[in-house]
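Asker: What follows is a predicted structure for the sequence shown.
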Amino acid sequence: MAFSLEGHVAVVTGNSSGLGKEIGLALGQAGAKVPVNFCYNQERAQQTLEEYQAAGIETCLIQATAITEEGIDKLFSETEAQLGNPDILVPNATCDQPHKPIDQYDWEFYQDMIDFFIKSPFLMTQRGMAHMKQQGWGRIVNIVSEVYHRSVGNFSAYVAAKGGQIGWTRSMATEFADAGITVNMIAPGWVPTERHANDPQEEKDGYLSLIPAGRWGEPRDVADAVLYFASPEASFVTGQTLCVNGGMTPW
């Protein structure tokens, strides 16, 4: 089977809903074992667990934050005990992303962005790299964003953190290249999920009118791109960014 992940274990942080849920589903349907990770909403996470199980995915439920050493150690330790050693890492967890001019931000919010998009991938990689190096195979797929490439205004905290994540990913790709570990990035456009349910309709209409493909992206569009980078077929691809946004960044 193309893109088979049989024998692998994938950790996707914050995958009880949204893009993470679909990413975990795609990896699991390809044969990987995938825990459901959540921080607060256990009822929603339980529903996702049941969906994964119904799809034939070997899974478990793990409550752990993705932005502290203690949380990442708990996530990995429980995954190792129940499913095996993770060798596919997808830092996906996020927090609110309000559009504001810079005078309305404070450093605490900037720090939140850095914690989710730089600290969390760093902690996950440090925790998981020994096993990946030992077996000579590993995949790290960071979820970045088109906002960096499009230089979106009134969004400086998110854009800055994503820019840092992009630079970190490229550096790690070079560092791990001879170890059989690839490090790549998916840069989605605005893909509506549950968290966008109350976004202003005029903003949605405005963005949709700009998409060359003429349609909204769907979570599965992003998930399938992650699946490619996680697969054996992408073994000679590292340090790359795949924009999944219907042509919004054609450069």
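Answerer: Yep, that arrived.
Asker: quick one, strands of the stretch 51-200 of the chain?
Answerer: 61-63, 88-90, 138-143, 181-188 (DSSP state E, counting those that start in this stretch).
Asker: what would these look like in JSON lines with mean pLDDT?
Answerer: Formatted as JSON lines, the strands of the stretch 51-200 of the chain follow (pLDDT from 0 to 100):
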{"stretch": "strand 61-63", "mean pLDDT": "98"}
{"stretch": "strand 88-90", "mean pLDDT": "99"}
{"stretch": "strand 138-143", "mean pLDDT": "98"}
{"stretch": "strand 181-188", "mean pLDDT": "98"}
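Asker: nearest to Asp112, of these?
Answerer: strand 138-143 (16.3 Å; Cβ to Cβ). Quick note: C-beta positions are derived from backbone N, CA and C, even for glycine.
Asker: Compare the strands of the stretch 51-200 of the chain and give me the one nearest Gly28.
Answerer: Per Cβ to Cβ, nearest to Gly28 of the strands of the stretch 51-200 of the chain: strand 88-90, 10.7 Å.
Asker: Remind me what the lengthiest helix in the chain packs against, helices and strands.
Answerer: For the chain, the helix reaching the highest residue count under DSSP state H is reported as helix 156-176. Under the contact criterion of 3 or more Cβ pairs under 8 Å, 6 or more residues apart in numbering; DSSP states H and E, helix 156-176 touches helix 107-114, helix 120-135, strand 138-143, helix 146-150, strand 181-188.
Asker: Give me the distance from that helix to the chain's centre.
Answerer: Distance of helix 156-176 from its chain centroid, counting by Cα atoms, centre = their mean, to the nearest Å, is 13 Å.
Asker: Kindly export that helix (C-alpha atoms) in PDB.
Answerer: Output in PDB follows, covering the C-alpha atoms of helix 156-176 (Å, rounded to 0.1, in the frame of the first residue of the first chain):
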ATOM      1  CA  SER A 156       2.400  40.000  14.300                       C
ATOM      2  CA  ALA A 157       2.700  37.600  17.300                       C
ATOM      3  CA  TYR A 158       1.500  34.600  15.200                       C
ATOM      4  CA  VAL A 159       3.500  35.600  12.200                       C
ATOM      5  CA  ALA A 160       6.700  36.100  14.200                       C
ATOM      6  CA  ALA A 161       6.300  32.700  16.000                       C
ATOM      7  CA  LYS A 162       5.600  30.900  12.700                       C
ATOM      8  CA  GLY A 163       8.600  32.600  11.200                       C
ATOM      9  CA  GLY A 164      10.700  31.300  14.000                       C
ATOM     10  CA  GLN A 165       9.200  27.800  13.600                       C
ATOM     11  CA  ILE A 166      10.100  27.800   9.900                       C
ATOM     12  CA  GLY A 167      13.700  28.700  10.600                       C
ATOM     13  CA  TRP A 168      14.000  26.100  13.400                       C
ATOM     14  CA  THR A 169      12.600  23.400  11.100                       C
ATOM     15  CA  ARG A 170      15.100  24.200   8.300                       C
ATOM     16  CA  SER A 171      18.000  24.000  10.800                       C
ATOM     17  CA  MET A 172      16.800  20.700  12.300                       C
ATOM     18  CA  ALA A 173      16.400  19.300   8.800                       C
ATOM     19  CA  THR A 174      20.100  19.900   8.100                       C
ATOM     20  CA  GLU A 175      21.100  18.600  11.600                       C
ATOM     21  CA  PHE A 176      19.200  15.300  11.200                       C
END
